[in-house]
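J.: Turn this into a model:
(one chain, ligands or ions: 2)
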Amino acid sequence: MTYTPTTQQLRGLPVEVAECYGKPHIRAHYDGAGVKSHKLDEGATCATCPRLATNVHHCPPISKGKTFLLRSEWGAFDLKPALFALCGSGTTGCHNGFHGGARFKAVWVWDTDEFAKRWWSGWLLSHGIEPHSEQLYDMGSWKITDRILGSRFEVRL
Ligand SMILES: [Zn+2]
Ligand SMILES: [Zn+2]
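T.: Residues are numbered from 1 along each chain as shown. Ligands and ions are numbered 1, 2, ... in the order given. Sure, this is the predicted structure:
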């Protein structure tokens with residue numbers, strides 16, 4: 001993976017943050033147009049442990065920007081954060097691990113540079129791939145690092 005979007009496209013965000021917008025959810029979804037319309041999938045378990053999920057994490061957190069405007073040669077796309085089903089709350093359990101606890105870090109990694117290029121050029125989004133589409137798991141995956149266990153695991157479908 002060597003493909004990097006242009007500075008203009010990133011609009012001040014680190015690439016690993018900008019890359020999370022529009023990517024597949026993990027056992028959660030949006031129930032409406034707004035970023036606060038997030039819902040757990042029925043019976044969802046936590047993305048990072050076997051417990052039942054109790055709430056939803058925005059990746060990246062809404063504080064980084066509610067949406068990200070991807071401007072590209074194939075059009076402009078207003079992208080929302082990906083959603084992760086997690087146990088705990090913003091201050092407890094695995095959800096806290098993504099916030100103050102700083103235990104977990106999630107990045108979206110494309111399988112090849114070609115897929116990254118097709119995303120950042122807007123080609124995928126203008127050719128039938130909806131934001132958050134599970135089809136994106138055919139082209140990349142979430143890599144979640146657990147800083148306490150010192151491990152890294154991959155989430156696909
Ligand atoms: Zn958990
Ligand atoms: Zn959160």
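J.: what's Leu157 in contact with, if anything?
T.: Residues in contact with Leu157 (CB atoms under 8 Å, 6 or more residues apart in numbering) are Glu134, Tyr137. For glycine as for every other residue, the C-beta is placed from the backbone atoms N, C-alpha and C.
J.: measure it to ligand 1 for me?
T.: 19 Å (CB to the ion, to the nearest Å).
J.: Phe115 contacts Ser141, doesn't it?
T.: No: taking contacts as CB atoms under 8 Å, Phe115 lies outside contact range of Ser141: 11.0 Å.
J.: Show me which residues of this protein are close to ligand 1?
T.: Contacts of the chain with ligand 1, taken as CB under 5 Å from the ion, map to Cys46, Cys49, Arg51, Cys87, Cys94.
J.: if we go to 6 Å?
T.: Neighbours of ligand 1 within the chain, by CB under 6 Å from the ion: Cys46, Thr48, Cys49, Arg51, Leu86, Cys87, Gly93, Cys94.
J.: Tell me the gap between the longest helix along the chain and the middle of its chain.
T.: As assigned by DSSP state H, the longest helix anywhere in the chain is helix 113-120. Taking CA atoms, centre = their mean, to the nearest Å, one finds helix 113-120 lying 16 Å from the centre of the chain it belongs to.
J.: List only buried entries from the residues of the chain next to ligand 1.
T.: Neighbour counting by 16 or more other CB atoms under 10 Å classes Cys46, Thr48, Leu86, Cys87, Gly93, Cys94 among the residues of the chain next to ligand 1 as buried.
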